[in-house]
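S.K.: sequence first, then the predicted structure, then my questions.
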Amino acid sequence: MKIARLLKHLVAPDWLSAKDFPEESLRQIEKAIKASERQHEGELRFVAEASMPLSYLVLKHRSSRRRAEDLFSSLKVWDTERNTGILIYVQLFSRHIDIVADRGIAAKVRQDEWDAVCRAMESSFKKQEFLKGSLEAIERVTALLAHHFPSKDGGANELSDRPVVL
């Protein structure tokens, strides 16, 4: 465990999430997710978190990726009828982004494609362009999903489109 990392996350204020993702930004992200899901069979969830919980900082192998995977599970993103859930996880304090894809999507979309979306989003965040980076990431995810999983029948909206801010 790195003490510096632990201390940074412990002193990160919770209002960081609200500052970087104000209500209007959350509404725009929700609208983008709704529009996205009309174009493909995927189900998107967007989660932003100021700092990781203490348990992720002190236990070995508890990275932001592991946090994203745990949120993927607890938010039931894995529980879609066609196994087409996607979680975009934003760890604000370290500006680290992870995308977790359900097995149906992971079988067709390579991890390096998700990583490219994450790195572009991180680049925008470094410039304090949180909304722009988020909307561009949703556009890129939409393009990937529309290519591999085009909308067939409009499908039911199985997951909330509202971003989660922790």
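M.R.: Happy to help now that I have it. Here the structure is a predicted model, which means the values were calculated and not measured.
S.K.: near residue 149, how many other residues are there?
M.R.: 19 (other Cβ atoms under 10 Å). Where you see a C-beta, it was placed from the backbone N, CA and C, and this is true even at glycine.
S.K.: find the nearest non-adjacent residue to it, please.
M.R.: Closest residue in space to residue 149, ignoring its immediate chain neighbours: residue 41 at 4.1 Å, by Cβ to Cβ, 6 or more residues apart in numbering.
S.K.: give me the neighbour count for the one you found.
M.R.: Residue 41 is flanked by 22 other residues according to other Cβ under 10 Å.
S.K.: pretty sure it sits against residue 152.
M.R.: Yes: with contact defined as Cβ atoms under 8 Å, residue 41 counts as touching residue 152 (6.7 Å).
S.K.: before we move on, back to that, and the residue nearest to residue 149, how close does it get to residue 135?
M.R.: Distance from residue 41 to residue 135, counting by Cβ to Cβ, to the nearest Å: 21 Å.
S.K.: what ranges do the strands span in the protein?
M.R.: In the chain, strands defined by DSSP state E lie at 43-49, 85-91, 96-101, 164-165, listed in chain order.
S.K.: ranking those by burial, who's on top?
M.R.: The highest average neighbour count among these, using mean count of other Cβ atoms under 10 Å, belongs to strand 85-91 at a mean of 26.
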